[in-house]
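Q: Sequence and predicted structure below; questions after.
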Amino acid sequence: MLVYSKFSTDGQADSGAATLVKRYSSDGGKTWTEKDELVVENEGGMNVMSVSLIRLASGELLLFYGRKNSMLDCRPYMRVSKDEGKTWSKPRLARSVSCVRPGALNGWAVGTGSAFPSRSLPCFAQIASA
């Protein structure tokens, strides 16, 4: 499954309106389904963007994304799926942001299009769900 920001206005500018959509591949990414399936409506004043997927040891999927309300207000949100992305929980604001040093694993780091365990980088944004 691939989830990405689908911009509908202003080209692909960060200020353009966007939703999160998904497509599926059954052959390791060589081909993909043709139709976009909606994952997240445009919840932000501008758009939703910078999506990342993480599979937990439990098998659940975490979906991280930015809800952009203005050029000065973009907040990290997350949702959980227990059925391979068919349905998602209600959005939860990622409530804490901190700078993390190597070896201090307390959550997930989220950057532009990536979320990963936070043990290996010198300093970056780290979030925890509310």
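A: Nice, I can see it.

Q: which residues make contact with the helix or strand harbouring residue 5 from outside it?
A: In the assignment (DSSP states H and E), residue 5 maps to strand 2-7. Residues from elsewhere that reach strand 2-7 (CB atoms under 8 Å, 6 or more residues apart in numbering): 13, 16-25, 32, 36, 39, 47-51, 53, 63, 85. Just so you know, the C-beta spots here come from the backbone N, C-alpha and C atoms, and that holds for glycine as well.

Q: List the buried residues of it.
A: Residues 3, 4, 5, 6, 7 are the ones in strand 2-7 that count as buried (16 or more other CB atoms under 10 Å).

Q: I'd like the next helix or strand past that strand.
A: strand 18-23.

Q: In the protein, what residue spans correspond to helices?
A: Ranges of helices in the chain, per DSSP state H: none exist.

Q: For it, which segments count as strands?
A: 2-7, 18-23, 37-40, 47-55, 61-70, 73-81, 92-99, 108-111, 114-117, 125-129 (DSSP state E).

Q: Now mean pLDDT too, for those strands, in a markdown table please.
A: Converted to a markdown table, the strands of the chain look like this (pLDDT from 0 to 100):
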| stretch | mean pLDDT |
| --- | --- |
| strand 2-7 | 91 |
| strand 18-23 | 94 |
| strand 37-40 | 96 |
| strand 47-55 | 88 |
| strand 61-70 | 89 |
| strand 73-81 | 90 |
| strand 92-99 | 62 |
| strand 108-111 | 49 |
| strand 114-117 | 48 |
| strand 125-129 | 42 |
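
Q: Quick one: residues contacting the nearest residue to residue 80 once chain neighbours are set aside.
A: Leaving aside its sequence neighbours, residue 80 sits nearest to residue 89 (CB to CB, 6 or more residues apart in numbering; 4.5 Å). Residues near residue 89 by CB under 8 Å, 6+ apart: 79, 80, 81.

Q: and the last one, what does it touch?
A: With contacts defined as CB under 8 Å, 6+ apart, residue 81 is in contact with 60, 61, 63, 87, 88, 89.

Q: Show me which of those are buried.
A: 61, 63, 88.

Q: For the residue lying closest to the second one once chain neighbours are set aside, the count of nearby residues, please.
A: Same thing as residue 63. Spatial nearest neighbour of residue 63, excluding adjacent residues (CB to CB, 6+ apart): residue 79 at 4.6 Å. Neighbours of residue 79 under the rule other CB atoms under 10 Å: 20.
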